[in-house]
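Here you go, sequence then predicted model.
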Amino acid sequence: MDLAFKPEELAFRDEVRAFIRDKYPQEIRARARKGWSYLPKEDHIRWQKLLYDRGWIAPHWPKEYGGTGWTARQKFIFEEECMAAGCPRLIPFGLTMVGPVIYTFGSQAQKDRFLPPILRSDEWWCQGYSEPGSGSDLASLQTKAVKEGNQYRVNGSKIWTSGAHKADWMFCLVRTKADVKAQEGISFLLIDMKSPGISVKPIVSIDEGHYLNQVFIDDVMVPVENLVGEENKGWTYAKFLLGYERTGIAGVGRSKMRLEMLKGIARAEHMDGTPLIQDPGFQTRLAQIESDLMALEITNLRVMASSGAGGGSLASLLKIRGTEIEQSINQTLVDALGNYGVPYDVNFPRAESNEPPAGPDYAIGLAAENLLKRAASIYGGTNEIQRNIIAKMVLAL
Ligand SMILES: Cc1cc2nc3c(=O)[nH]c(=O)nc-3n(C[C@H](O)[C@H](O)[C@H](O)COP(=O)(O)OP(=O)(O)OC[C@H]3O[C@@H](n4cnc5c(N)ncnc54)[C@H](O)[C@@H]3O)c2cc1C
């Protein structure tokens, strides 16, 4: 298989680069450099609307629903260029997760109601899957929905709900049948976060940021037309969605960008009077990361070129390697900073902060990011669970 880009793909890459150069607002660029994981919602909306106006907001969607009609390699180029330029990530809950579920399994009325505001970034979503007692063993979830006339009465609690405090809607797994195999009694409901009975409690993470929440659902009434697909078939839709979620987590473009940042810092930082980049021990570490990342990039491209998708065990594989490499880069960045990598409050200033940094500008946010992204091997299904999936699907163990 030929992995080199063809002339028309190189022309497409130039087009993407020119768009980013001309349209990516300078002030968001500056904030993203300080705290990419905690950009204000308005920055994400502004960037996503610029992409929407250009017709590039949903490369993975079919053209009939607002997708771009790009080849798998064009999608790869686009993602890579956006990440390499430090553009805000596309908030995945609507575009990458519930959108594909709705256009694949939803009713016409649901498609008409929900897809356009997702594309325009006018409505934000969160993912109500995990519960206090159900993470890896998600099928054991207990949030209950009981049909009363043309509504469901929903009771329960969801946890680790990223961005719930900013979301307008939550796609939510609920139990609609108890006396069957766990996976067979689950349904997929769309819940308006403004519904009476929804309350959101913040969970502050190890980096002192607010990204996570617990959502309490007390006697929340949900119209039956917000059920996606068939009742008790939600597990099928939930698994379909997870394939999309995990592929995006590989993050090759962003890791490439961070690797370049690491090299820059290693040139600037000194150890015993010598630039860190000349230290043989550091060089070995750098070379290991670089070769791992190249291998992941080629694997990612190969997957896309052969099947155009990364579902099932391939999504698991990309998720494991992508997050391992991301964590390894983050740790090496922090190590390279020496003193400025240790006390994370020193590097804490976020996009919205006016505090002057104590260390060099390039140290800002790196220790906090390293701590936050320890969770990358947990969210989207832990890496241990991904290994179990590979063991079952590929090795038939
Ligand atoms: C930053 C962050 C954001 C998140 N965002 C969301 C969100 O928006 N929406 C949402 O619904 N959820 C979200 N989650 C939850 C996430 O999906 C769960 O944390 C994850 O599925 C693991 O579940 P758990 O935390 O209950 O851990 P557990 O399932 O209790 O696992 C604990 C440990 O045991 C291991 N383990 C468990 N079972 C097995 C097994 N069978 N074989 C081998 N090892 C096993 C796990 O790998 C893990 O190391 C988020 C989590 C984090 C950390």
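All right, it came through fine.

Leu115 falls within a strand, correct?
No. Judged by DSSP: H, G, I helix; E, B strand; the rest coil, Leu115 forms no part of a strand; its state is helix.

Going forward, the N-terminal residue is numbered 23.
Happy to do that; since the first residue is 23 now, the last one works out to Leu137.

ok, it touching Gly121?
Yes. A contact is recorded between Leu137 and Gly121 when judged using CB atoms under 8 Å, the distance being 6.4 Å. All C-beta spots, glycine's among them, are computed from the backbone N, C-alpha and C.

shared neighbours of the two, which are they?
Contact criterion CB atoms under 8 Å, 6 or more residues apart in numbering; residues bridging Leu137 and Gly121 by contacting each: Tyr87.

of the two, who's got more company?
Of the pair Leu137 and Gly121, Gly121 is the one with more neighbours under other CB atoms under 10 Å, namely 27 against 20.

Quick one, grab the pLDDT at the more buried one.
On the pLDDT scale, Gly121 is placed at 97.

quick one, what contacts it?
Under the criterion of CB under 8 Å, 6+ apart, the neighbours of Gly121 are 80, 83, 87, 136-137, 140-141.

So which of those sit within helices?
Among the contacts of Gly121, the residues falling in helices (DSSP state H) are 136-137, 140-141.

Pick the one among those closest to Met243.
Lowest distance from Met243 to the ones in helices among the contacts of Gly121 (CB to CB) belongs to Phe136, with 18.8 Å.

The residue lying closest to the closest one once chain neighbours are set aside: neighbour count?
For Phe136, the nearest residue in space outside its immediate sequence neighbours is Ile124; the separation is 5.4 Å by CB to CB, 6 or more residues apart in numbering. Other residues near Ile124 come to 24 when the count uses other CB under 10 Å.

Can you classify Ile124 as helix, strand or coil?
On the three-state scheme (three-state DSSP), Ile124 is labelled helix.

isn't it right next to Asp134, touching?
No. Taking CB under 8 Å as the contact criterion, Ile124 and Asp134 are not neighbours in contact, 10.2 Å apart.

Buried subset of the contacts of Gly121 as a PyMOL selection?
Selection of the buried residues among the contacts of Gly121 in PyMOL, burial being defined by 16 or more other CB atoms under 10 Å:
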select buried, resi 80+83+87+136+137+140+141
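
out of the contacts of Gly121, which touch the ligand?
Residues of those in contact with the ligand (CB under 6 Å from any ligand atom): none.

Of the contacts of Gly121, which is the nearest to Gly251?
Set against Gly251, the nearest of the contacts of Gly121 by CB to CB is Phe136 (13.7 Å).

thought the closest one was touching Gly128?
Yes. Shown here, Phe136 and Gly128 form a contact pair, counting by CB under 8 Å, at 7.4 Å.

Which of the helices or strands spans Thr354?
Assigned by DSSP states H and E, Thr354 falls within helix 334-358.

distance between the following helix or strand past that helix and the chain's centre?
Using DSSP H and E, the next helix or strand after helix 334-358 towards the C-terminus is helix 388-394. Per CA atoms, centre = their mean, to the nearest Å, the displacement of helix 388-394 from the mean C-alpha position of its chain is 16 Å.
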